[in-house]
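Visitor: just coords:
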């Protein structure tokens with residue numbers, strides 16, 4: 001299980017994913033509803049109008065609405081944009097356990113401890129059906145994703161399936177229900193004939209806490225206080241129990257189907273989440289917490305994401321990695337794993353095909369490493385505490401091999417260190433160097449216990465310890481360099497032979513450093529960093545969940561383009577980024593590298609390239625101007641600016657009086673003329689100073705300027721002007737100057 005996001009709060013009783021945005025609602029036992037952004041791990045809002053625990057919450061699939069139900073017997077419909085409760089639905093006589101919007105109709109389904117299930121029309125704000133039949137608390141109820149069915153679970157030890165097709169045929173009145181409405185009284189007393197019981201599923205020995213439909217097959221899963229998870233099949237006229245999954249040690253709180261795989265996920269008060277294989281009818285994984293009982297489970301309608309609520313918060317998680325395992329070939333091609341075959345893609349011809357099958361097709365592959373001189377491929381998996389497989393890739397990779405020679409071994413991870421050599425990190429911290437016959441050549445014991453290992457320069461490896469990365473020489477058995485870092489997941493070396501650089505990145509931190517682990521810069525992202533690769537110019541390009549970004553060695557970074565889905569960069573060639581998506585499909589994304597190449601040329605002081613780009617490329621943008629100003633290149637920024645006021649400020653900053661004068665004449669602003677006069681005086685350009693003083697009518701300074709330049713004719717003229725203005729002090733000064 002890969003935990004993507006975790007919160008600390010009061011007990012979480014209800015959860016709901018937003019269908020489009022990276023949001024999740026959590027309803028708490030203390031009456032608060034929290035709205036979280038699980039991608040940037042931020043609490044966006046809180047809603048707290050309920051009195052007592054809120055047990056059910058649900059987003060609408062298309063409208064900016066969500067519904068909640070709590071122990072105050074109230075169902076509230078909220079607009080999360082206006083951040084307020086729109087209205088309250090009253091009718092239940094006891095705690096409300098779950099609430100749910102219908103995907104198409106304007107209906108809300110609610111279940112309650114008053115032993116009823118109610119269907120409400122949220123547009124007319126009325127109860128349109130009451131489903132009665134359970135004789136104990138109704139713990140949950142949910143709509144079928146496609147058919148007119150409802151499934152409910154109750155502490156009366158039954159699961160019921162209700163046919164609500166009569167509701168769809170019925171034309172509902174939008175008039176508000178009156179207190180003494182006979183139809184409402186009939187519905188409350190005897191139930192509604194628009195919804196009838198289709199099946200009653202009996203088989204649990206204690207109260208049933210949860211029941212859910214399969215998204216596409218006629219199957220139901222249920223979990224109960226008898227600690228069992230049961231699988232049921234629906235036929236045309238009856239239902240029957242298919243199997244029972246045993247393994248929980250306490251009440252099963254919730255159970256649901258995986259939307260895209262043949263799996264069942266359940267959680268329990270025994271503090272575990274368990275994964276069950278529907279085909280093998282066995283448990284395949286168990287995830288435990290130390291102190292927290294689980295109460296609720298939900299799955300994202302589109303993505304491979306799940307969430308579970310427990311005593312002290314919630315977790316958002318994935319069951320398996322969606323990142324494809326791949327190994328790049330110096331920007332020429334890529335080996336990757338798909339459908340139990342290692343495949344090869346040539347970036348020049350875009351040819352893609354399988355080349356060899358994996359010896360053990362069912363293993364979870366974590367990473368791959370390729371050694372071009374020996375055409376050797378290492379495949380690392382986390383099976384049995386960590387294993388590696390060594391393959392020799394055939395030279396003719398045009399057709400797939402049916403069977404290949406494979407050498408296997410145990411180890412946390414294996415990486416190539418040179419020709420005919422690879423290193424294996426053992427479980428207890430030792431590093432063993434082996435040859436391609438899988439024979440041990442050398443054993444090293446680093447001075448600290450490494451958690452993981454990355455490839456390094458020839459004869460070296462990078463070892464990840466607790467909050468540090470070390471460059472370890474396998475020949476001399478010494479640590480050559482160390483760097484203190486946060487948790488690092490990936491290391492990518494540049495292809496430069498003269499000045500190789502290293503990119504280290506984890507969940508939200510990117511570090512660029514030199515070959516000797518001297519840190520060049522560190523970038524913090526708010527969203528997870530997914531992958532990265534170096535281009536031929538020494539710029540590191542990386543992807544987050546929704547952007548392709550760049551980072552220069554000096555730390556300057558920015559966005560190149562947005563992404564519609566997460567991708568994993570395999571190579572960068574010119575203006576194309578080659579990548580794999582989560583379905584292991586190769587994609588070539590075109591991008592404009594002008595911005596980061598322009599900044600790189602400035603940093604490296606290649607001014608001829610800068611001027612060429614200024615002339616050839618349309619680099620217009622306030623971000624470029626701001627960057628140039630910040631970096632001390634206002635004269636370059638002048639080439640990009642169309643706004644006269646900005647041009648004036650930049651021209652003054654770089655001392656270009658001619659452009660500043662042009663801009664000042666267009667603007668004709670007193671403040672601009674004053675600033676221009678000050679700068680022109682500093683440069684000794686008395687003609688422009690004279691013009692600036694004339695435009696601002698600064699007669700005193702103008703007279704003094706004529707004095708120091710020895711222009712007596714202009715001084716006489718200034719005397720006449722003072723007489724006309726009836727300015728005795730001006731007349732005195734000008735007469736004194738003359």
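Guide: That came through, no problem. Worth saying up front: this structure is predicted, and the values here are computed from it rather than measured.
Visitor: so is the closest residue to residue 115 other than its chain neighbours in a helix, a strand, or just coil?
Guide: Nearest residue to residue 115 in three dimensions, chain neighbours excluded: residue 134, at 5.1 Å (Cβ to Cβ, 6 or more residues apart in numbering). From N, CA and C alone the C-beta is placed, and that goes for glycine too. Here residue 134 is recorded as coil under DSSP: H, G, I helix; E, B strand; the rest coil.
Visitor: Enumerate every residue touching residue 134.
Guide: Neighbouring residues of residue 134 by Cβ atoms under 8 Å, 6 or more residues apart in numbering: 115, 116, 117, 152, 154, 156, 158, 160.
Visitor: Run through the residues that contact residue 557.
Guide: Going by Cβ under 8 Å, 6+ apart, the list of residues near residue 557 reads 523, 549, 550, 551.
Visitor: next one: residue 366
Guide: Counted by Cβ under 8 Å, 6+ apart, residue 366 has contacts 321, 325, 380, 381, 382, 413.
Visitor: if you set the cut-off to 7 Å instead, what comes out?
Guide: Going by Cβ atoms under 7 Å, 6 or more residues apart in numbering, residue 366 touches 325, 380, 381, 382.
Visitor: now the helices for this protein?
Guide: Remark: helices assigned in the chain by DSSP state H are 165-169, 182-190, 594-603, 607-616, 622-631, 634-637, 644-654, 657-667, 670-683, 686-695, 699-709, 712-724, 728-737.
Visitor: between these, which has the poorest average model confidence?
Guide: Among the helices of the chain, helix 182-190 carries the lowest mean pLDDT, a mean of 51.
Visitor: what about residue 46, how many residues close to it?
Guide: Summarising burial for residue 46: neighbours were counted as other Cβ atoms under 10 Å, giving 11.
Visitor: Sorry, slip of the keys, the one I care about is residue 157.
Guide: Based on other Cβ under 10 Å, the number of other residues close to residue 157 is 19.
Visitor: ok, now residue 103?
Guide: 15.
Visitor: contacting residues for the residue nearest to it when sequence neighbours are not counted?
Guide: Using Cβ to Cβ, 6+ apart and skipping the chain neighbours, the partner closest in space to residue 103 is residue 61 (5.3 Å). Counting by Cβ under 7 Å, 6+ apart, residue 61 makes contact with 19, 101, 103.
Visitor: Look up how far residue 257 lies from the first one.
Guide: By that I understand residue 19. 18 Å (Cβ to Cβ, to the nearest Å).
Visitor: Neighbour count: these two, which is higher?
Guide: residue 257 (22 against 15).
Visitor: where in the stretch 501-650 of the chain is pLDDT low?
Guide: The model of the stretch 501-650 of the chain has pLDDT under 70 over residues 607, 610-611, 613-650.
Visitor: One more pass at 80, please.
Guide: Low-confidence segments of the stretch 501-650 of the chain, defined by pLDDT under 80: 598, 602-650.
Visitor: Repeat that for the stretch 251-400 of the chain.
Guide: Using pLDDT under 80, the stretch 251-400 of the chain drops low at 329-332, 339-340, 347-353, 358-364, 383-385, 394-400.
Visitor: let's see it at 90
Guide: 259-261, 278-285, 289-291, 301-304, 319-400 (pLDDT under 90).
Visitor: Could I get the full set of strands for the stretch 351-500 of the chain?
Guide: 352-357, 365-371, 376-381, 387-392, 406-410, 413-418, 421-425, 431-434, 440-444, 452-455, 460-465, 468-473, 478-484, 490-493 (DSSP state E, counting those that start in this stretch).
Visitor: Let me have the contacts of residue 557 in JSON lines, extended by neighbour count and distance to residue 434.
Guide: JSON lines is the format used below for the contacts of residue 557 (neighbours: other Cβ atoms under 10 Å; distance: Cβ to Cβ, whole Å):
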{"residue": "523", "neighbour count": "18", "distance to residue 434": "36"}
{"residue": "549", "neighbour count": "20", "distance to residue 434": "38"}
{"residue": "550", "neighbour count": "23", "distance to residue 434": "38"}
{"residue": "551", "neighbour count": "24", "distance to residue 434": "35"}
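Visitor: Which one of these is nearest to residue 289?
Guide: residue 523 (33.1 Å; Cβ to Cβ).
Visitor: picking up where we left off before, and residue 689, which of the strands of the stretch 351-500 of the chain is closest to it?
Guide: strand 478-484 (55.7 Å).
Visitor: Give the partner strands of that closest one in its sheet and their orientations.
Guide: strand 468-473 (antiparallel) (DSSP bridges).
Visitor: who's in contact with the partner strand?
Guide: Against strand 468-473 from outside (Cβ under 7 Å, 6+ apart): 446, 456, 459-463, 479-485, 488, 504, 517.
Visitor: Which PyMOL command selects the buried ones in those residues?
Guide: Buried subset of these, written as a PyMOL selection, criterion 16 or more other Cβ atoms under 10 Å:
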select buried, resi 446+456+460+461+462+463+481+483+485+488+504+517
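Visitor: I'd say residue 9 and residue 315 touch.
Guide: No. Residue 9 sits out of contact with residue 315 when judged by Cβ atoms under 7 Å, with a separation of 11.7 Å.
Visitor: neighbour count winner among these two?
Guide: Set residue 9 next to residue 315 and count neighbours by other Cβ under 10 Å: residue 315 wins out with 22 against 19.
Visitor: Pull out the buried residues from stretch 580-590.
Guide: Neighbour-count burial for stretch 580-590 [16+ other Cβ under 10 Å]: 580, 581, 584, 586, 589.
Visitor: Over to stretch 491-508?
Guide: Those would be 491, 492, 493, 494, 501, 502, 503, 504, 505, 506, 508, for stretch 491-508 by 16+ other Cβ under 10 Å.
Visitor: quick revisit: could the contacts of residue 61 go into TSV alongside pLDDT?
Guide: Supplementary listing: the contacts of residue 61 in TSV, determined by pLDDT from 0 to 100:
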residue	pLDDT
19	92
101	95
103	91
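Visitor: which one of these is nearest residue 467?
Guide: Looking across the contacts of residue 61 and measuring by Cβ to Cβ, the closest to residue 467 is residue 19, at 38.8 Å.
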